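[1] below is the sequence, then the predicted model.
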There are 2 protein chains.
Amino acid sequence: MKILVVDDEALFVKGIRFNLQSDGFEVLCGSTGLDALRLTREEKPDLVILDVMMPQMDGMTACRKIREFSTVPIIMLTAKSENADKLLGFDCGADDYLTKPFNILELKARIRALLRRSGVEPQHPGGTLLTSGPFCLDSGSRNATKNGTTVELTAKEFDLIEFLMKHPNQVYSREALLDALWGDENRSDSRTVDVHIRRLREKLEDNPAEPKFILTKWSVGYYFRK
Amino acid sequence: MKILVVDDEALFVKGIRFNLQSDGFEVLCGSTGLDALRLTREEKPDLVILDVMMPQMDGMTACRKIREFSTVPIIMLTAKSENADKLLGFDCGADDYLTKPFNILELKARIRALLRRSGVEPQHPGGTLLTSGPFCLDSGSRNATKNGTTVELTAKEFDLIEFLMKHPNQVYSREALLDALWGDENRSDSRTVDVHIRRLREKLEDNPAEPKFILTKWSVGYYFRK
DNA sequence: GGAATTCCATGAAAATTCTGGTTGTGGATG
DNA sequence: CATCCACAACCAGAATTTTCATGGAATTCC
């Protein structure tokens, strides 16, 4: 079980490291937001602990950037003096927040709880797994499964369902989907999106005529319901 | 999205309830550990908030018993005076801990984070929440709720109420609304606005004949009263 | 050539707008 | 103060327009 700790106070990191190691965790360390990004990408830790105040790139920014490519559990640390409200209100995608100074027992308890809740699956080599309901997408092998049996998807189909599943319940207009998946050039007709949606429904929905996951928001666009 | 709050301090529960409801959650309440068990089993809430100190059955026992049949996300509350260590060390299966008194923003942030992590809720990734009185609009999923229950709105209806709620108490003439929501071209008859206002009242007001929120300023226009 | 992708046409469903009549409001008038 | 009047707002349902799903044809890309 690998944990990444990122904070610019060396002594503090050392303390945490010792404590977690003696609990049987493997501990990686960094001191800047850039470290956090790099190490998360390269080492694929099972959990990340991020201080808010850091040189080069602050913790919240780092957190948001990590969220762009990973769903690894993240615990943010903030000094008591800093106004925590900003952290609370501004959703950067962290799972937990802790104010320094804290009881080391509390940190450990929160790590345990978070690992338990996250399912602790060691990160998938290569790509990340995206699961929701009966579906599971593997962005590494670009395989899709429904209830464990694989479903053959074409490239565009995979891109589309992946995008929608990454942002469940968020409604996207055809234009927005074209922007995100087709890019600026060879922008197709917006009806093209409809066709791919239809194919996906035929392949993924139990009853394509009454879709339960790939839904239409009338006069707005499409979304994936989680 | 259903949340169960269990605490024996009625006033406290009432405050939480109000706060969560105005964020669009459906809120159930209880006052004993037995309530917690029963309601979790019967109502299957998406998240449970449990106070530690309660008559009949304390929160930690309730939590453990819930864990025997459910993996619902659980947040524990504990008074500052009580020694939190026991809670931390003794793993009862909760996902998060919070010491009273706490900032309501913090509770909300933790609820959001936990729901996101548990995969229960399709959180609002890009969309913002607009709440006022019993209403809550989510621009991401384009869902509207009243006292926690969703109300089906068409595209124009959503755009209109969103616009009015964004500028509460500000009166807009029909012309201004046409400008803002219909755009320069295909400018409809100004009576069209009336029709949409009527539909909104039918769907949102308790008594559409005596609107309390979507109000008319005679010979001027309409406005949303906060 | 075959699969994937894009485009097009059509009927159906839903939303939006329009219409005509009814009700309600506020000011003017005696 | 009571009554009347012009007009603003409301209502219900029909007509119109928009939007979507579907099947199939055309095109592109390996």
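    Arrived safely, thanks for sending.

[2] pop the domain breakdown of chain A in here.
    By the assignment in automatic domain parsing, chain A contains the domains A:2-118, A:129-224.

[3] for these, which one ends up most surrounded?
    Comparing the domains of chain A by mean neighbour count (mean count of other C-beta atoms under 10 Å in any protein chain shown), domain A:2-118 ranks first with a mean of 18. C-beta: built from backbone N, CA, C; applies to glycine.

[4] before we move on, the earlier item: looking at the domains of chain A, which is closest to residue B:96?
    domain A:2-118 (6.7 Å; C-beta to C-beta).

[5] doesn't residue A:176 belong to a strand?
    No: going by DSSP: H, G, I helix; E, B strand; the rest coil, the assignment for residue A:176 is helix, not a strand.

[6] from chain B, how far off is it?
    10 Å (C-beta to the nearest C-beta, to the nearest Å).

[7] show me the contacts for that residue.
    residue A:221 (C-beta atoms under 8 Å, 6 or more residues apart in numbering or on different chains).

[8] so how far is residue A:164 from it?
    Computed with C-beta to C-beta, to the nearest Å, the distance linking residue A:176 and residue A:164 is 11 Å.

[9] next one: residue A:46
    Taking C-beta to C-beta as the measure, residue A:46 and residue A:164 are separated by 27 Å.

[10] same question, residue A:217
    Residue A:217 is 12 Å from residue A:164, by C-beta to C-beta.

[11] common neighbours of these two, please.
    With C-beta under 8 Å, 6+ apart as the test, residue A:217 and residue A:164 both reach residue A:223.

[12] residue A:78 should be in a helix, yeah?
    No: counting by three-state DSSP, residue A:78 is not found in a helix; it is strand.

[13] was I right to think it contacts residue A:99?
    Yes: if you go by C-beta atoms under 8 Å, residue A:78 and residue A:99 touch, sitting 5.7 Å apart.

[14] checking the residue nearest the centre of chain A next. Helix, strand or coil?
    Nearest to the mean C-alpha position of chain A, by C-alpha atoms, centre = their mean, lies residue A:71 at 2.7 Å. Under the three-state scheme (three-state DSSP), residue A:71 adopts coil.

[15] then residue A:98?
    Put simply, residue A:98 is strand when judged by three-state DSSP.

[16] nearest spatial neighbour of it, skipping sequence neighbours?
    Once flanking residues are discounted, residue A:98 sits nearest to residue A:77: 5.5 Å by C-beta to C-beta, 6 or more residues apart in numbering or on different chains.

[17] wait, that neighbour sits on residue A:106?
    No: shown here, residue A:77 and residue A:106 do not form a contact pair, counting by C-beta under 8 Å, at 11.6 Å.
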